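Q: Output the structure for:
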Amino acid sequence: MPHIPTWRLRAAFARRLSAMYGTEVPAYTTLLEVAGQVNDEVARRDPDAGRLGSLDRVTAERHGAIRVGTPAELRQAAQVFAALGMHPVGFYDLRDGDIGAVPVVSTAFRPTDPVELDRNPFRVFTSLLTTGDRRFFAPELEARLTAFLAHRQLFPPALLPLAGRAERDGGLVESDAERFLTLAVGAFTLAAEPVDRAWYAELERISAVAADIGGVTSTHINHLTPRVLDIDALYRRMGERGITMIDRIQGPPRWAGPDVLLRQTSFRALDEARTFREPDGRLTRGALRVRFGEVEARGIALTRAGRARYDTLTAETDRRAAGRPAAERERTARALWERDFPRTEHQLAVEGLAFFAHRPVTDRPRDGRRPPADLAGLLTGGWLTADPLVYEDFLPRSAAGIFHSNLTGDGTRDPRRDGTPFDAHRLAEALNRPVLDPFALYAEQQDRALREALTTLGADAALQVLDAPAAN
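A: A predicted model of the protein is given here:
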């Protein structure tokens, strides 16, 4: 019987999940249609449209988002994603931002090998409810919430052994692959089981995210995000289709320089019919607004130094544009970027502000010179070219902004209490798997490509470049 390798499982899962989500949230189908139209138009008019990924990759690209309530549920989700060749990358704390009350910490499960990313870069942003954080949950509420979560089962018992076998064997035989995909997609489908109205409302007063996680007996896809090559054009066209979008695009501004990091927006969460169980036991019909349609545009991955520059500009934009309309905020951000951020990929590369895969220029005209011993000289002198590495990860502030823009209210948080300490190390303990550092992954890819390029050039002196302090 044919063996279905890991990457084909991942691609099939992403396709099936997208088809399922389109039946549950019809506006998502409109989002895919508009994104496809925009991508085709950009590819026709811009010869460099594939610089950060081929049109086939961009068209197939998705990232999903789920939320779980306990470390045990997080470990089970990690096992399902491991079967698809997806590993936890990055740590995101959404509890401390100034945008709403979101009592979760998160990581993103994704492929890490460049070849696997090119085959299918499916990602799932996965959030864990921090039930012990006293800023959100009093001891008595935490106890009841813990008991509620302990009695539910997010993943069917037959799924996890299949996932473990797929991780161990690098895939599954065809019959097992079909069973795995059916069970896995079903685990992320919106359940029809009645929602306890009083319990859900109690948690919703703390946070709509807390209610979406701990107020129901299952998990589900909260959004499934396509990638678009011109997010500003998509934003306009969705509005023209009658789809209500959130008030702005999150992330770096649109400007004349290189696209970096991640820009995101979404249509607003829609009312979805649900069955409720009332305190007297009656079943009634109502609606919840928890799922929305996000879309993203990806740019170049920044080094730690580049990210610090981005964070500084974001803070300055916040200070200058506080309380101003979205359009004015965008103008302020654009002006700051035009003033303080490198305007070319070459500048980003020579200043060590972004990650690139370097390639040797093998047909460089011979002029008697030897390669210089610094990266800037190698690039400026035409010894190397630099292909940008696409940013595969997320921005905590943007994620919190998307979450908050689609919530029913700001929730409550008691700033007088101390938050529960939580970092990447503690998340790794909860997962029983290492949480990988995204900067280290990009740096490893950049270093490997640079070493190969310099070896090809025979640039002995230039190998000193590899011994220079890393900018990542």
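Q: low pLDDT regions in the stretch 1-150 of the chain?
A: Counting by pLDDT under 70, the stretch 1-150 of the chain contains low-confidence ranges at 1, 97-101.
Q: what ranges do the strands span in it?
A: Under the criterion DSSP state E, counting those that start in this stretch, the stretch 1-150 of the chain contains strands at 3-5, 62-68, 87-93, 104-110, 123-129.
Q: Now render the ones you listed as TSV, adding mean neighbour count and distance to residue 50.
A: Using the backbone N, CA and C atoms, a C-beta is placed for each residue, glycine as well. Shown next, in TSV, are the strands of the stretch 1-150 of the chain (neighbours: other C-beta atoms under 10 Å; distance: least, C-beta to C-beta, whole Å):
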stretch	mean neighbour count	distance to residue 50
strand 3-5	17	25
strand 62-68	23	18
strand 87-93	21	24
strand 104-110	26	21
strand 123-129	24	20
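Q: now those in TSV, with distance to residue 273?
A: Compiled in TSV, these are given as follows (distance: least, C-beta to C-beta, whole Å):
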stretch	distance to residue 273
strand 3-5	36
strand 62-68	21
strand 87-93	32
strand 104-110	26
strand 123-129	25
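Q: Out of those strands, flag the one nearest residue 43.
A: strand 62-68 (18.5 Å; C-beta to C-beta).
Q: Could you list the paired strands of the closest one along with their orientation?
A: According to DSSP bridges, strand 62-68 forms sheet pairs with strand 123-129 (parallel), strand 223-226 (antiparallel).
Q: Against which helices or strands is the helix or strand harbouring residue 315 packed?
A: Using DSSP states H and E, residue 315 maps to helix 304-321. Counting contacts by 3 or more C-beta pairs under 8 Å, 6 or more residues apart in numbering; DSSP states H and E, helix 304-321 is packed against helix 326-340.
Q: report the angle between the axes of the helix it packs on and helix 304-321?
A: Here the directions of helix 326-340 and helix 304-321 differ by 140 degrees (axes from the mean of the first three to the mean of the last three C-alpha atoms, to 10 degrees).
Q: Counting neighbours, show which residues of helix 326-340 come out buried.
A: Within helix 326-340, the residues that count as buried by 16 or more other C-beta atoms under 10 Å are 329-330, 332-334, 336-337.
Q: Toward the C-terminus, what is the element adjacent to it?
A: helix 345-350.
Q: Could I get the buried residue list for that following helix?
A: Those would be 345-346, 348-350, for helix 345-350 by 16+ other C-beta under 10 Å.
Q: again, but for stretch 145-165
A: 145, 148-149, 154-155, 159-160, 162-163.
Q: cool, and stretch 432-441?
A: 433, 435-436, 438-439, 441.
Q: Inside helices: which ones of those?
A: 438-439, 441 (DSSP state H).
Q: and which of the residues you listed is nearest residue 429?
A: residue 438 (19.4 Å).
Q: still on that earlier bit, of all the residues in the helix holding residue 315, which ones are buried?
A: 306-307, 309-310, 313-314, 317, 321.
Q: is residue 385 in a bridge, and if so with what?
A: residue 359.
Q: Pull the number of nearby residues for it.
A: By the criterion of other C-beta atoms under 10 Å, residue 385 has 16 neighbours.
Q: Could you pull up the residues touching it?
A: Neighbouring residues of residue 385 by C-beta atoms under 8 Å, 6 or more residues apart in numbering: 358-359, 361, 379.
Q: what's the farthest-apart pair in the residues you listed?
A: Checking the contacts of residue 385 with C-beta to C-beta, the most distant pair is 359 and 379, at 11.0 Å.
Q: Tell me who's in contact with the most centrally placed residue in the chain.
A: Nearest to the mean C-alpha position of the chain, by C-alpha atoms, centre = their mean, lies residue 394 at 4.4 Å. Contacts for residue 394 (C-beta under 8 Å, 6+ apart) come out as 90, 92, 108, 125, 262.
Q: Then residue 254?
A: 232, 263, 330, 334.
Q: Tell me the one among those residues nearest to residue 289.
A: residue 263 (23.9 Å).
Q: Packing partners of whatever helix or strand the closest one lives in?
A: Using DSSP H and E, residue 263 sits within strand 262-267. Packing contacts for strand 262-267, counted by 3+ C-beta pairs under 8 Å, 6+ apart, involve helix 231-240, strand 293-298, helix 396-405.
Q: out of the ones you listed, nearest to residue 185?
A: Of all the helices and strands packed on strand 262-267, strand 293-298 sits nearest to residue 185, with 18.6 Å by C-beta to C-beta.
Q: Counting neighbours, which bits of the closest one end up buried?
A: So strand 293-298, judged by 16+ other C-beta under 10 Å, has buried residues 293-298.
Q: repeat for stretch 75-88
A: Going by 16+ other C-beta under 10 Å, stretch 75-88 has these buried residues: 76-88.
Q: Residue 22 reaches residue 28, doesn't it?
A: Yes: shown here, residue 22 and residue 28 form a contact pair, counting by C-beta atoms under 8 Å, at 5.3 Å.
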